[in-house]
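> No sequence on hand, only this structure:
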Ligand SMILES: *Cc1c(COP(=O)(O)O)cnc(C)c1O
């Protein structure tokens, strides 16, 4: 079942050591997993989920994909690219009002041929059922991808990613103690939890929460838990997961989703200027800032090897250009 995917990206993505950043945090060695280089229309972590979701849509005979997100959604941009590759119609429901000028991910989604619908205050896919009904009346066969591509099908991409990382760690003879990453709609986190169990990965996951709001009335912990429960049964994982097994570092999400503060800007400038690697302002900059704060203040044991999972998002930088002066 894990093999059942539609190839959309370039895998394995590189796993590298960050020599110069590591020197700034004595007692820690920092590695990075480059899912900003998955290759699908400027890359990102959603490519892994879409390989499974698109496969399922095609298997079910669907000709139209519907999904939702923010205007700068990386998920929506990669879904638009995946639909172009697979020859599917793509409908995106994006929160807020239609802007005068399309920028960043919104511009790319439009270039990639997506049909874009602006949904005002409903920014997490609340309007999907109504659009689906409309399209079905026009004889489209629709496949709905939930907000962020986060269901068990999408999460399988990250179950598989654990296998990929494990092989790289063996090859490079590296042991990773902690894996830091940005968690927002929960599919990546759920997939990594399942993959860690399935492939006995010996690293602790440190998901950094990005969005303090709930999704459709549910906490992120609950969303992750539900996917993990379903996945454990499908993948025949014996562990009896409890909601209390789902950990999330909520120390860095207080400013709210998409709000870019000096913390994010500093983290971006630091990685860019030391290692030549670009983070995005919404997800990876916040998670990277969180990780550096944990190292700086020794919130994890010294002499640890840590891995930062870069999940992409580059196009959103251009939406925030006015914050670099
Ligand atoms: C979507 C996204 C995430 C979070 O992944 P989820 O599976 O939604 O939790 C992190 N970083 C970037 C750049 C993303 O686009």
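Now that the structure is in, tell me what you want to look at. All values reported here derive from a predicted model rather than from experimental measurement.

> near the ligand, which residues of the stretch 1-150 of the chain?
Within the stretch 1-150 of the chain, the positions near the ligand by Cβ under 6 Å from any ligand atom are 44, 45, 46, 74, 75, 148, 150. For every residue, glycine as well, the C-beta is placed using N, CA and C.

> List the buried residues for stretch 251-264?
252, 253, 258, 260, 261, 263, 264 (16 or more other Cβ atoms under 10 Å).

> Look at the second one and tell me its secondary structure.
Right, residue 253. Here residue 253 takes the coil state, with states given by DSSP: H, G, I helix; E, B strand; the rest coil.

> Can you get me a residue count around the residue in the stretch 1-150 of the chain positioned nearest to the ligand?
When scored by Cβ to the nearest ligand atom, the stretch 1-150 of the chain has residue 74 as its residue closest to the ligand, at 3.3 Å. For residue 74, the neighbour count with other Cβ atoms under 10 Å is 31.

> go on, the one 3 residues further on?
A total of 31 residues lie near residue 77 under the criterion other Cβ under 10 Å.

> before we move on, what about residue 57?
25.

> element containing it?
Following DSSP states H and E, one finds residue 57 within helix 46-59.

> which residues in the stretch 51-200 of the chain form strands?
64-69, 89-94, 115-118, 142-144, 178-183 (DSSP state E, counting those that start in this stretch).

> coming back round to it: doesn't residue 284 make contact with the residue of the stretch 1-150 of the chain closest to the ligand?
No. Using Cβ atoms under 8 Å, residue 74 makes no contact with residue 284, being 10.1 Å away.

> intersection of neighbour lists for those two?
Counting by Cβ atoms under 8 Å, 6 or more residues apart in numbering, the residues touching both residue 74 and residue 284 are 312, 313.

> per-residue pLDDT, the most centrally placed residue in the chain?
The residue lying closest to the centre of the chain (Cα atoms, centre = their mean) is residue 45, at 4.5 Å. For residue 45, the pLDDT comes out at 98.

> Run a quick neighbour tally on the nearest residue to it once chain neighbours are set aside.
On the basis of Cβ to Cβ, 6 or more residues apart in numbering, the spatially nearest residue to residue 45 that is not a chain neighbour turns out to be residue 311, at 3.8 Å. Other residues lying near residue 311 total 26 when counted by other Cβ under 10 Å.

> Tell me the pLDDT of residue 311.
At residue 311, pLDDT is 98.

> Give me the contacts around the helix holding residue 57.
Contacts of helix 46-59 (Cβ under 8 Å, 6+ apart): 4-9, 35, 38-40, 65, 74-75, 78-79, 82-83, 86, 88, 143, 145, 148-150, 153-158, 160-161, 187-188, 191, 312.

> quick one: that helix to chain centroid distance?
14 Å (Cα atoms, centre = their mean, to the nearest Å).

> between it and strand 64-69, how big is the angle?
150 degrees (axes from the mean of the first three to the mean of the last three Cα atoms, to 10 degrees).

> What residues sit buried inside helix 46-59?
Under 16+ other Cβ under 10 Å, the buried positions of helix 46-59 are 46, 47, 48, 49, 50, 51, 52, 53, 54, 55, 56, 57.

> Which single one of the residues you listed is nearest to residue 108?
residue 46 (12.8 Å; Cβ to Cβ).

> Residue 281 - nearest residue in space that isn't next to it in sequence?
Nearest to residue 281 is residue 260, by Cβ to Cβ, 6+ apart, at 4.4 Å.

> Wait, a helix at that neighbour?
No. Using three-state DSSP, the assignment for residue 260 is coil, not a helix.

> shouldn't it be in contact with residue 320?
Yes. With contact defined as Cβ under 8 Å, residue 260 counts as touching residue 320 (5.4 Å).

> which intervals of this protein have sub-threshold pLDDT?
Scanning the chain for pLDDT under 70 picks out 1-3.

> can you list the domain ranges for it.
Domain ranges of the chain: 15-43+150-323, 46-148, per automatic domain parsing.

> Spatially, which two of the residues of the stretch 1-150 of the chain next to the ligand are the most separated?
The most distant members of those, if one measures by Cβ to Cβ, are 44 and 150, lying 14.0 Å apart.
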